[in-house]
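Chemist: Got a predicted model here, sequence first, then my questions.
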Amino acid sequence: MKTMTITIERKPLTITFDGQEMQVEELSIRLPFGRKPADITEIAATGEYVVYVTETREMSPEEFDGFAKHLYMPRDWLKGKGGYFMQGRLCVEVHAPGRPYLYVDPSGGDSGRYVARLG
């Protein structure tokens with residue numbers, strides 16, 4: 001059986017958000033986001049948003065599983081990040097080997113307020 005691989009292109013951009021310039025990568029696909037999911041199984045996603053990756057956080061599978069089971073918990077590394085920008089969301093990309101990619105927009109907070117899943 002053949003496995004199909006989807007290539008997602010990333011376009012580097014410099015944007016101005018809240019009066020500050022920042023470097024992001026715009027994904028070539030749009031994703032639906034869930035609002036305030038408690039865990040990865042509750043991502044009831046809607047809409048189609050442009051994803052702007054502001055940073056990537058690599059985790060071990062164990063760290064990822066703990067994060068994905070408690071998306072509502074405060075995390076210092078999310079504090080003050082994210083936001084809505086031009087039909088899209090500014091996101092922290094979260095990934096671990098063998099796990100899906102999560103795109104987290106805390107919208108200025110410190111937890112997974114809006115979360116999209118890929119994979």
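Modeler: Looks like it came in fine.

Chemist: burial count for the nearest residue to residue 29 once chain neighbours are set aside?
Modeler: Here the nearest residue to residue 29 in space, its sequence neighbours aside, is residue 8; by CB to CB, 6 or more residues apart in numbering that works out to 5.7 Å. Yep, even glycine has a C-beta here, placed from its N, CA and C like the rest. Neighbour count of residue 8, defined by other CB atoms under 10 Å: 10.

Chemist: likewise the one 10 residues further on?
Modeler: When neighbours are counted by other CB under 10 Å, residue 18 registers 8.

Chemist: who are the neighbours in contact with the nearest residue to residue 80 once chain neighbours are set aside?
Modeler: Counting by CB to CB, 6+ apart, residue 80 lies nearest to residue 108, which is 5.9 Å off, once chain neighbours are set aside. Counting by CB atoms under 8 Å, 6 or more residues apart in numbering, residue 108 touches 80-83.

Chemist: What distance do you get for residue 26 to residue 69?
Modeler: From residue 26 across to residue 69, the span is 29 Å (CB to CB, to the nearest Å).
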